[in-house]
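Enquirer: Let's see this in three dimensions:
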Amino acid sequence: MSKTRIAFIGAGNMAASLIGGLRAQGLDASQIRASDPGADTRTRIQAEHGIATFESNAQAIDGADVIVLAVKPQVMKSVCETLKPELKAGQLVVSIAAGITCDSLQNWLGQVPVVRCMPNTPSLLRQGASGLYATAQVSVGQREQAEQLLSAVGTALWLEQEQQLDAVTAVSGSGPAYFFLLIEAMTAAGEKLGLPRDIASQLTLQTALGAAHMAVSSDVDAAELRRRVTSPAGTTEAAIKSFQANGFEAVVEQALQAAATRSAELAEHLGK
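Expert: Numbers count the residues shown, from 1 in each chain. Okay, the predicted model is just below:
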């Protein structure tokens with residue numbers, strides 16, 4: 001990425017996160033540009049990262065190797081249609097907009113190289129998880145550029161089929177909210193058991209953080225970690241049996257299926 005020139009169309013939170021990650025990895029500010037219709041947004045992003053900003057998308061992408069589409073899905077079609085005549089041969093388009101398929105993007109932009117990504121909100125803290133899919137027009141070098149871009153804010157994993165992005169949306173895209181829900185429920189349950197709410201909250205948050213660190217750093221899978229901390233006839237086993245008796249695994253599977261189905265529905269709707 002040391003010589004790659006990157007233009008961001010849209011300078012909201014996710015774009016700012018990616019820009020910050022790239023700058024932290026040593027990419028020079030002169031290699032990054034951003035456009036946004038909001039003057040305040042342009043001023044903030046320029047002050048925070050020292051990059052050039054523009055109101056005009058055409059100015060932002062002039063000379064760029066990689067163009068990152070970081071606008072809301074609802075305006076993606078109009079943005080792409082205005083960008084189309086400005087694109088140059090060899091420019092890679094990376095979309096981080098949820099629900100917009102590669103076919104839709106290429107219908108609006110022409111048969112340009114496209115990488116579609118599904119990042120998640122922890123990317124704002126550079127702890128993200130992203131799934132990536134590349135069209136046939138994307139070169140090996142461009143795949144490396146896209147991977148390095150998303151790796152600046154966390155883990156970036158390639159998918160063989162675009163439809164798998166619906167599953168990525170269900171698992172990691174929407175996933176942070178599932179953990180927030182569990183944190184809410186555990187905090188409330190701890191309070192009902194007699195703990196002050198602030199203590200129940202702190203214990204739950206630190207337990208979630210510690211468990212995640214253990215899972216990430218361990219050389220065994222989550223199932224084995226669970227077995228290791230579940231003593232026969234102990235307190236953890238009592239809780240796990242209660243979860244399972246109430247259909248915990250089935251509830252999780254149904255929830256993720258609902259998210260994946262909705263992701264596919266949105267892609268169909270937004271691509272029209």
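Enquirer: Could you list the buried residues of stretch 27-45?
Expert: Buried residues in stretch 27-45, counted by 16 or more other Cβ atoms under 10 Å: 27, 31-36, 41-42, 45. In short, each C-beta sits where N, CA and C put it, glycine included.
Enquirer: The residue lying closest to residue 98 once chain neighbours are set aside: neighbour count?
Expert: Leaving aside its sequence neighbours, residue 98 sits nearest to residue 73 (Cβ to Cβ, 6 or more residues apart in numbering; 5.9 Å). Neighbour count of residue 73, defined by other Cβ atoms under 10 Å: 18.
Enquirer: Confirm for me that residue 73 is in contact with residue 267.
Expert: No. If you go by Cβ atoms under 8 Å, residue 73 and residue 267 don't touch, sitting 9.2 Å apart.
Enquirer: Between the two, which contacts overlap?
Expert: Taking Cβ atoms under 8 Å, 6 or more residues apart in numbering as the criterion, residue 73 and residue 267 both touch 99-100.
Enquirer: just how off-centre is the helix or strand hosting residue 261 within its chain?
Expert: Element membership for residue 261 (DSSP states H and E) is helix 248-270. Put simply, helix 248-270 sits 17 Å off its chain's centre (Cα atoms, centre = their mean, to the nearest Å).
Enquirer: what residues are up against residue 231?
Expert: residue 237 are the contacts of residue 231 under Cβ under 8 Å, 6+ apart.
Enquirer: Model confidence score at it, please.
Expert: As predicted, residue 231 sits at a pLDDT of 96.
Enquirer: Show the backbone phi and psi for it.
Expert: Per-residue torsions, residue 231: phi -70, psi 140 (degrees, to the nearest 10).
Enquirer: which stretches of this protein have low pLDDT?
Expert: By pLDDT under 70, the low-scoring segments of the chain are 1-2, 272.
Enquirer: let's see 90
Expert: Within the chain, the ranges that satisfy pLDDT under 90 run 1-3, 98-99, 124, 266-272.
Enquirer: which one is the most centrally placed residue in it nearest to, not counting chain neighbours?
Expert: Taking Cα atoms, centre = their mean as the criterion, residue 119 is the residue nearest the geometric centre of the chain, at 1.2 Å. Spatial nearest neighbour of residue 119, excluding adjacent residues (Cβ to Cβ, 6+ apart): residue 130 at 4.3 Å.
Enquirer: Look up which residues are beta-bridged to the one you found.
Expert: Judged by DSSP bridges, the bridge partners of residue 130 are residue 156.
Enquirer: Surely it and residue 117 touch.
Expert: Yes. In this structure, residue 130 is within contact of residue 117 by Cβ under 8 Å, at 5.4 Å.
Enquirer: Going along the chain, name the helices of the stretch 151-272 of the chain.
Expert: 164-168, 175-192, 197-217, 222-228, 235-245, 248-270 (DSSP state H, counting those that start in this stretch).
Enquirer: Indicate which one of those is closest to residue 106.
Expert: helix 248-270 (14.0 Å; Cβ to Cβ).
Enquirer: and the residue nearest to residue 119, what is it in contact with?
Expert: 117-120, 123, 150, 153-157, 168, 172.
Enquirer: Roughly how far does the residue lying closest to residue 158 once chain neighbours are set aside sit from residue 114?
Expert: Closest residue to residue 158 apart from its sequence neighbours, by Cβ to Cβ, 6+ apart: residue 132 at 5.3 Å. Distance from residue 132 to residue 114, counting by Cβ to Cβ, to the nearest Å: 11 Å.
Enquirer: circling back: most packed of the helices of the stretch 151-272 of the chain?
Expert: Of those, the one with the most neighbours on average (mean count of other Cβ atoms under 10 Å) is helix 164-168, at a mean of 21.
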